[in-house]
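*Asks:* Pasting the sequence and the predicted coordinates here, then a few questions.
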Amino acid sequence: MRSGAIFTLFLIILFSICYNLLADLECFMIEPPEKVLENVKKIAVLDFEGKDGKGKQFADYLISELLDEDRGIRDIKGFLKNKEGKTYLEGARTNVFQLVERSQLESVLSEQGLGMTGIVEDNQAAEVGRVLGLDALVLGNVSYSYVDKDEKRKYTVNKKTYYKYCTTRTTKAEVRLKIISVSTGEILGTKDLSQSYHDDKCDEERSGLLSPSVLANYCLMDIAYWMANYFTPKFSLVEYDFEKIKYKEFKKQAKEASKLASKGMIDEAFPIYNSIYEADPYNPKAAYNLAHLYQAVGHFDRSLELYKEAYEMEPDNKDFQESYDKAKSLSEFNIVLKNLGVEISEHKFASNVDALADKITTKGSRSDRIDIYTKPDINSAVIAQVPGDLEFVVISQEGDWYFIKLKGDDKGYIQESDID
């Protein structure tokens with residue numbers, strides 16, 4: 001076998017392995033923050049304390065993250081290429097707080113004899129909040145440091161040994177955040193986070209090392225993202241794996257539904273999974289699969305009911321238990337989201353009475369035309385001519401003839417030789 005053919009075979013095998021490892025449905029789900037700020041809707045972010053203007057810079061990064069309505073959604077890395085990340089939650093967002101504009105905040109702080117940066121006493125916070133109608137202030141401090149490490153590195157070229165002189169610059173930034181209630185002066189939450197970045201260059205390229213300030217900025221951008229996630233919702237990637245239905249009656253349809261879901265065609269997958277559940281409501285896997293789709297679109301209460309059914313029918317299944325526990329958290333968090341003014345729109349799934357019916361696909365391409373007869377007889381009248389590569393629901397089979405549904409209320413017979 002030639003090397004090109006071997007490589008092609010390798011790719012096919014590798015693709016097959018990776019494909020089987022992919023989740024049936026990948027999408028982004030809203031998740032609650034570590035700290036839920038109840039009864040807080042309007043906030044302001046002060047400049048953080050810090051040298052070299054880093055405190056103000058961090059405040060800007062944090063504000064930008066807090067204004068992002070889909071924080072956490074990103075492209076999904078897959079086999080050979082990436083695909084665009086998406087959520088099926090209509091109306092879900094991560095920018096849940098009303099932020100006071102910096103100019104308004106600066107004006108009020110100036111009137112109170114305060115600066116944008118610095119420690120705000122409890123009574124001062126209450127006064128600032130009263131004037132601006134705030135519920136909370138976000139403030140804190142920023143620091144960073146760096147270390148340069150020089151070393152002599154040995155390398156070999158054509159069995160000859162050479163040396164190069166390298167410098168690794170590591171910068172570490174640390175941020176402490178505090179959230180203060182302006183009505184009571186109470187500290188609602190605190191968070192300490194740090195991040196490091198490094199740059200490495202050798203010989204004459206060492207003069208191009210990134211400055212500690214630039215590396216610190218990279219650190220602060222990351223920390224701002226994590227800090228925003230500390231007290232506001234974020235989107236996280238969820239991978240739904242559908243359980244295989246082993247009952248012969250539903251096995252084929254369940255496999256088709258899984259394929260549709262893996263392509264993001266959840267509206268097409270739903271009628272099939274829903275029909276399987278209705279036909280076999282005491283099958284925990286059927287309830288579990290249907291719960292996945294309901295949760296993906298934000299029907300948290302209905303998904304909770306179905307996950308509970310699956311778990312109660314099969315309590316030793318760890319996946320069922322974990323999904324049930326997560327569904328409880330999401331259902332509770334949905335109430336908090338509503339209090340913050342975030343309403344997830346109700347997704348309307350279409351029903352399909354033919355979801356579990358057998359289907360056939362006509363031979364050929366869309367440019368071809370295949371005769372459909374009024375009876376299972378080529379001498380009977382032709383009721384329609386349909387394109388190739390088109391799917392039809394089978395009503396019944398008579399020998400090598402299939403009685404199928406056509407558009408509207410029409411029905412007709414197609415020969416077995418005209419289907420794939």
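*Replies:* Structure received. Here the structure is a predicted model, which means the values were calculated and not measured.
*Asks:* can you pull the contacts of the closest residue to residue 170 other than its chain neighbours?
*Replies:* In this structure, residue 170 finds its nearest non-sequential neighbour in residue 198, 4.3 Å apart by CB to CB, 6 or more residues apart in numbering. Where C-beta positions appear, they are placed from N, C-alpha and C, glycine not excepted. Contact criterion CB atoms under 8 Å, 6 or more residues apart in numbering gives 168, 169, 170, 171, 215 as the residues in contact with residue 198.
*Asks:* so the second one sits right up against residue 213, yeah?
*Replies:* No - taking CB atoms under 8 Å as the definition, residue 169 is not a contact partner of residue 213, at 11.4 Å.
*Asks:* Comparing the two, which shows the higher neighbour count?
*Replies:* For residue 169 versus residue 213, the count of surrounding residues by other CB atoms under 10 Å is larger for residue 169: 19 against 14.
*Asks:* who's in contact with the more buried one?
*Replies:* 146, 147, 148, 149, 198, 199, 200, 209, 210, 212, 215.
*Asks:* Ramachandran coordinates for the residue in the chain sticking out farthest from the centre?
*Replies:* Largest separation from the mean C-alpha position in the chain: residue 379, at 56.5 Å (CA atoms, centre = their mean). When quoted as degrees, to the nearest 10, the phi and psi of residue 379 stand at phi -90, psi -10.
*Asks:* now the one 4 residues further on
*Replies:* When read as degrees, to the nearest 10, the backbone of residue 383 gives phi -90, psi -30.
*Asks:* Quick check: buried residues in stretch 228-237?
*Replies:* Buried residues in stretch 228-237, counting neighbours by 16 or more other CB atoms under 10 Å, are found at 228, 229, 230, 231, 232, 233, 234, 235.
*Asks:* Inside strands: which ones of these?
*Replies:* 234, 235 (DSSP state E).
*Asks:* Send me stretch 199-218 as PDB with only the CA atoms.
*Replies:* The C-alpha coordinates for stretch 199-218 follow below in PDB (Å, rounded to 0.1, in the frame of the first residue of the first chain):
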ATOM      1  CA  ASP A 199       7.600  35.900  27.800                       C
ATOM      2  CA  ASP A 200      10.800  34.100  26.700                       C
ATOM      3  CA  LYS A 201      13.400  35.200  24.200                       C
ATOM      4  CA  CYS A 202      17.000  34.400  23.400                       C
ATOM      5  CA  ASP A 203      20.200  36.200  22.300                       C
ATOM      6  CA  GLU A 204      19.600  39.300  20.300                       C
ATOM      7  CA  GLU A 205      15.800  38.900  20.500                       C
ATOM      8  CA  ARG A 206      15.900  39.500  24.200                       C
ATOM      9  CA  SER A 207      15.600  43.200  23.600                       C
ATOM     10  CA  GLY A 208      12.100  42.500  22.400                       C
ATOM     11  CA  LEU A 209      10.800  41.000  25.600                       C
ATOM     12  CA  LEU A 210       7.300  42.200  26.400                       C
ATOM     13  CA  SER A 211       7.400  44.800  29.200                       C
ATOM     14  CA  PRO A 212       6.200  43.900  32.700                       C
ATOM     15  CA  SER A 213       3.300  46.400  32.200                       C
ATOM     16  CA  VAL A 214       2.100  44.700  29.000                       C
ATOM     17  CA  LEU A 215       2.300  41.200  30.600                       C
ATOM     18  CA  ALA A 216       0.400  42.600  33.600                       C
ATOM     19  CA  ASN A 217      -2.300  43.800  31.300                       C
ATOM     20  CA  TYR A 218      -2.800  40.300  30.000                       C
END
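*Asks:* Go ahead and measure how far it is from the middle of the chain.
*Replies:* 34 Å (CA atoms, centre = their mean, to the nearest Å).
*Asks:* Equivalent analysis for stretch 229-249, please.
*Replies:* Taking CA atoms, centre = their mean, the mean C-alpha location of stretch 229-249 is offset from the chain mean by 10 Å.
*Asks:* now swap in stretch 136-145 and tell me
*Replies:* For stretch 136-145, the distance to the chain centre is 29 Å (CA atoms, centre = their mean).
*Asks:* Could you tell me how many residues sit around the closest residue to residue 371 other than its chain neighbours?
*Replies:* Taking CB to CB, 6+ apart, and ignoring the residues beside it in sequence, residue 371 has residue 382 as its nearest neighbour in space, at 4.8 Å. As a burial measure, the neighbour count of residue 382 was computed by other CB under 10 Å and equals 11.
*Asks:* Quick check: bridge partners of residue 382?
*Replies:* When bridges are assigned using DSSP bridges, the partners listed for residue 382 are residue 373.
*Asks:* Sounds good, over and out.
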